[in-house]
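In: Sequence and predicted structure below; questions after.
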Amino acid sequence: MLLLENILLALNGVRANKMRSMLTMLGIIIGIASVIAIMTVGTSMSGTMADSMNSMGASNITLGVSQKSSSTETTAGGMRFNWGPHSSSMSDEDYLTDEMLANVKEKYPENVSEYLLTESIGSAQALDGELYANINVKGANNESIENDDLTILAGRTFTDKDQKGKKVCIVSDYLCNNMFSGDTSAALGQELSVKINNVFYHYSIVGVYEYDNSGTFSSSSEEETSTDFYIPLQTAFDQEHVTPRYSQVTVVTQSGTDVDTFMEEMESYINSRFYRNNDSFEVSCSSMTSMLESLTETMNTIAMAISFIAGISLLVGGIGVMNIMLVSIQERTKEIGTRKALGATNGSIRTQFIVESIVLCLVGGFIGIVLGIGIGYAASKQMGYEAYPPVTAIIFSVAFSMAIGIFFGYYPANKAAKMNPVDALRYE
Amino acid sequence: MSKGDVIIDAQKIIKRYYIGHPNELEILHGIDLQVREGEFVAIVGASGSGKSTLMNIIGVLDKPTEGSYMLDGVDVMKAKDHELSAIRNKKIGFVFQTYNLISRTSALKNVELPMMYAGVPGGKRRKRAKELIEMVGMGERMHHTPDELSGGQKQRIAIARAMGNDPALILADEPTGALDSKTGRRVMDIFHDLHEKQGKTIVLITHSPELAEECERILTLSDGMFIGERRGTGYAPS
């Protein structure tokens, strides 16, 4: 009963001194908000990764050509991974070739199911007089297109014949909106001029897919959004005048394969068979699992660093609360004396001020949580992750702000409780 | 307890400050005070006579250095801290010169306060508080906060608050000291009302001889000693 009265009284106090309470709570708000924000991003990241692992398949292995370097090898948690090819200094013999891939598949028929092959050509523009659309041209084999799980709105995907190097393309419905007033069927069979690095290429449209913009937060309008523009893999190589070679290949494994073990086995096989005499490059494998692990690890390191800063902010915030409580008690000395004259025990005075301090911290904590989730959600969206609320961090924050309230409120509250009623009453 | 029992029985009360220091100061030099139930007693004295010190001791806010003090049958000298709180809560109703209402809290909540500390359940507490506020004629303003009330209104709320736990003793320290004569009159009428209709024991501390005359018994304090005791001329209701 007394507790409820005290809570209402404290809330009243916070309301009455809005500015002061706000400034006092600032440290706690910033501290809690930054922890919650980083945790939201963290959980969203791993949550989305876990989701996509299920859809994209945890059984996929990425084979990448990476620079050989004994000293600065990129490892994390014992897992190797590479962040894309070091194409800048790669020469033709450093790439993975169709022969190598065929050889690997022959060597591991039980494990290798198929390869997802792509050749990224880069951003370009489809042009038709005044009309244009931003696109991202990429050559892809049929397995890769299938893996992208496109929703075909009109037409079809590539046939095996297309893959022999025909100048055909699959475009997004966004492109149709820009260039064919959204009429997907009218777009089929049309020849499209595409300007890539100031050179024009022509492709006829065989299919239209539905562009999936969920999970990506783009500041550009629908008209300006750059969408994937698929051409057959061989077409891409022909156009670049190179024989098919890859700096990165996705291996789809047969079901029942132990991905981690097979990954290492395949890596050492390829390296000993094809890259033994290569001085500067080798092949390294990574899977979604290992990517996720290393990402989580990176996230945790960042979270630790931010938590440390947040911890300092919370400490400063706590001291601020203590300071304002001391001021408040000084100001209300007469009130304390009156309460004592009316029969308040030392205990009830102490409770009153500790509750006040806790309420102050909890209100701050709550604002911090809301702010943190807001920032975290925005950041997650910006980075293209599905946002998840960090439940444990929220519970922890509530408990932690309460603990700050008790810890930094106790000394002032005790000081108030121990006041001599005569002196307190006489205080002006 | 029957009418006429001794409520305040203080003997040889001595109060010293700075004990053991070279500038030790004795404020009260052995005061004897008995107040019976239902009495309306005035303690008068100039400032510096030790009035406030005596009031603090009677009100159990402070302990005497020497002497004995029984309040409504409880030995104050032997009481521990939390027992003193209980005595203040249940046996004494304070009325201060400066009202001492808790700001930002409604008049009603202020009146509920002593009952809250006594552990009276919410509903019952509220009902009694409303009755008390009606009694002092403040029914229409019970939801106002102290800064929305005039001095006289505040003091009436303070009297209602003092009555919360139906105390054995009402201790009023210069209750009209900050009020003009008209509102002061109104406040004094309420005290007389409580005394005559409810038989409350009231100790009024004042420096005003006129107000003291209204009381049954007048004790004059000077330099830490009672130097006179006489009957008041009485109170004529206005």
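Out: Happy to help now that I have it. Numbers count the residues shown, from 1 in each chain, chains lettered A, B, ... in the order given.

In: Roughly how far does A:Glu146 sit from A:Met49?
Out: Counting by Cβ to Cβ, to the nearest Å, the gap from A:Glu146 to A:Met49 is 22 Å. In short, each C-beta sits where N, CA and C put it, glycine included.

In: Flag the shaky bits of chain A, pLDDT-wise.
Out: For chain A, applying pLDDT under 70 flags the ranges A:1, A:52-58, A:69-89, A:214-220.

In: When A:Glu146 and A:Met49 are compared, which one has more neighbours?
Out: Ranked by neighbour count (other Cβ atoms under 10 Å in any protein chain shown), A:Glu146 and A:Met49 place A:Met49 first, with 19 against 13.

In: quick one: the strands in the stretch 1-150 of chain A?
Out: With strands called from DSSP state E, counting those that start in this stretch, the stretch 1-150 of chain A shows them at A:60-67, A:75-76, A:79-80, A:96-97, A:112-116, A:118-128, A:131-140.

In: Could you identify which of those strands is most buried?
Out: Each of the strands of the stretch 1-150 of chain A was assessed for mean neighbour count using mean count of other Cβ atoms under 10 Å in any protein chain shown. The highest is strand A:60-67, with a mean of 22.

In: In its sheet, which strands sit next to it, and in what direction?
Out: strand A:248-253 (antiparallel), strand A:281-287 (antiparallel) (DSSP bridges).

In: Give me the residue at the spatial middle of chain B.
Out: With distances taken as Cα atoms, centre = their mean, B:Leu171 lies nearest the centre of chain B, 1.0 Å away.

In: Now do the same for B:Ser68: helix, strand or coil?
Out: Of the three states, B:Ser68 takes strand under DSSP: H, G, I helix; E, B strand; the rest coil.

In: what's the burial count for it?
Out: With neighbours defined by other Cβ under 10 Å, the count for B:Ser68 comes to 14.

In: what's the answer for A:Val259, then?
Out: 20.

In: Now it. Nearest residue, chain neighbours left out?
Out: Leaving out its chain neighbours, the residue that sits closest to A:Val259 by Cβ to Cβ, 6 or more residues apart in numbering or on different chains is A:Ser287, at 5.2 Å.

In: hmm, who's touching stretch A:326-339?
Out: A:13, A:348-349, A:352-353, A:356, A:412-413, A:415-416, A:419, A:421-428, B:96, B:100-103, B:113, B:117 (Cβ atoms under 8 Å, 6 or more residues apart in numbering or on different chains).

In: from those residues, which ones fall inside strands?
Out: Using DSSP state E, no member of the contacts of stretch A:326-339 sits in strands.

In: Which of those are buried? Put it as a ChimeraX command.
Out: Buried residues within the contacts of stretch A:326-339, by 16 or more other Cβ atoms under 10 Å in any protein chain shown, are selected in ChimeraX with:
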select /A:13,348,349,352,353,356,412,413,415,416,419,421,422,424,425 /B:96,100,101,102,113,117
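
In: In contact with A:Val251, which residues?
Out: A:60-63, A:104, A:112, A:115-116, A:266.

In: Nearest to A:Met291 among these?
Out: A:Thr62 (8.0 Å; Cβ to Cβ).

In: Give me the distance between the closest residue to chain A within chain B and A:Phe274.
Out: As assessed by Cβ to the nearest Cβ, chain A sits closest to B:Asn89 within chain B, at 2.2 Å. Plainly put, B:Asn89 is 91 Å away from A:Phe274 if you go by Cβ to Cβ.

In: For the residue positioned nearest the centre of chain A, give me its contacts.
Out: Nearest residue to the geometric centre of chain A (Cα atoms, centre = their mean): A:Met45, 3.8 Å. Applying Cβ under 8 Å, 6+ apart, we find A:Met45 in contact with A:295-296, A:299, A:380, A:383, A:385.

In: Just the buried residues from these, in PyMOL please.
Out: The buried subset of the contacts of A:Met45, as determined by 16+ other Cβ under 10 Å, is captured in PyMOL by this line:
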select buried, chain A and resi 295+296+299+380+385
